[in-house]
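1. okay, structure incoming, though there's no sequence with it:
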C-alpha cells in the first residue's frame, strides 16, 4: 500500500503533448486493455496516445486527468457528464499501468476524483461500469465508497466472450 509520503508523489494533471511515450509504455498491455472498452486500443500506439490527448483537451466534456506518479504518467482517470434527463449523473472511467496495481494508488485517485466531481460538476450521481472478472476495479470502487447497483447479464462482448456488466454508483446526499 502507498504511504503518506508516496501519496505526495501522485499528481492528477492535464494531459499534454509530451505525455505520449508514458501513455504507450503503460497502456500497451493486454492485461490493462482486457477490462476496457474496445475504443481503448490494444496494442496502444503513439497515434492512440496523440488522439487521446487531443480528445481530452479539445473535444471531451468533463474532467480528464493523467495520473502522474513520481513525474511519470502511469494512467488516466476521467469523469464524463451525461446529458438530457441524465444531466445530474456522470460516468467515471480509469486505468493504471499493471506495475502500479494493488498499491492503493487508484483508490486514492478515485477518492480525489469523486471529491472534484461532486464539488465542481453539479452532479448528484457518479457511476462506473465494470466488466465481470475485474476484481481489482471492484475493490477500488468499494474502498472509495461506491456500491454495486446492478448486474447487466451478458451486456459486454469483449474478445469473443460475453461478460456481465457491473454498475457501481456513489450518490451525493
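-> That came through fine. For clarity, every value in this text was computed on a predicted model and none was experimentally measured.
2. could you use CA atoms for every contact and neighbour count after this?
-> Fine.
3. now do the contacts for residue 170.
-> The contact partners of residue 170, by C-alpha atoms under 8 Å, 6 or more residues apart in numbering, come to 125-127, 145-147.
4. just the buried ones from those, in PyMOL syntax?
-> Typed into PyMOL, the line below selects the buried ones among these, using 16 or more other C-alpha atoms under 10 Å:
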select buried, resi 125+126+127+146+147
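5. and the nearest residue to residue 124 once chain neighbours are set aside, what is it in contact with?
-> Residue nearest to residue 124 in three dimensions, not counting chain neighbours: residue 172, with 5.0 Å by C-alpha to C-alpha, 6 or more residues apart in numbering. Counting by C-alpha under 8 Å, 6+ apart, residue 172 makes contact with 118, 124-125.
6. the helices in the protein, which residues?
-> If DSSP state H is used as the criterion, the helices of the chain fall at 4-7, 20-27, 30-33, 46-58, 105-120, 135-143.
7. for the last one, buried residues please.
-> If I follow you right, that is helix 135-143. The neighbour-count check on helix 135-143 (16+ other C-alpha under 10 Å) flags 137-138, 140-141 as buried.
8. and stretch 23-37, by the same measure?
-> Within stretch 23-37, judged by 16+ other C-alpha under 10 Å, the buried ones are 23-29, 32-36.
9. dump the residues you listed to CSV, plus pLDDT.
-> Supplementary listing: the buried residues of stretch 23-37 in CSV, determined by pLDDT from 0 to 100:
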residue, pLDDT
23, 98
24, 98
25, 98
26, 98
27, 97
28, 96
29, 96
32, 96
33, 95
34, 95
35, 94
36, 96
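10. nearest to residue 166, of those residues?
-> Proximity of the buried residues of stretch 23-37 to residue 166 was ranked by C-alpha to C-alpha; the top entry is residue 35 with 11.8 Å.
11. the closest one and residue 134 touch, don't they?
-> Yes. Between residue 35 and residue 134 there is a contact under C-alpha atoms under 8 Å: 6.6 Å.
12. any weak-confidence spans in the chain?
-> Counting by pLDDT under 70, the low-confidence segments of the chain come to 2-5.
13. any idea which residue is closest to the centre of it?
-> Centre of the chain computed as the mean C-alpha position; nearest residue by C-alpha atoms, centre = their mean is residue 94, 0.9 Å away.
14. who's in contact with the closest residue to that residue other than its chain neighbours?
-> Leaving aside its chain neighbours, residue 94 sits nearest to residue 77 (4.1 Å; criterion: C-alpha to C-alpha, 6+ apart). Applying C-alpha under 8 Å, 6+ apart, one finds that residue 77 lies in contact with 64-67, 92-95, 110.
15. would you turn the buried residues of stretch 23-37 into TSV with distance to residue 151?
-> TSV is the format used below for the buried residues of stretch 23-37 (distance: C-alpha to C-alpha, whole Å):
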residue	distance to residue 151
23	31
24	32
25	33
26	29
27	27
28	29
29	27
32	22
33	21
34	19
35	16
36	17
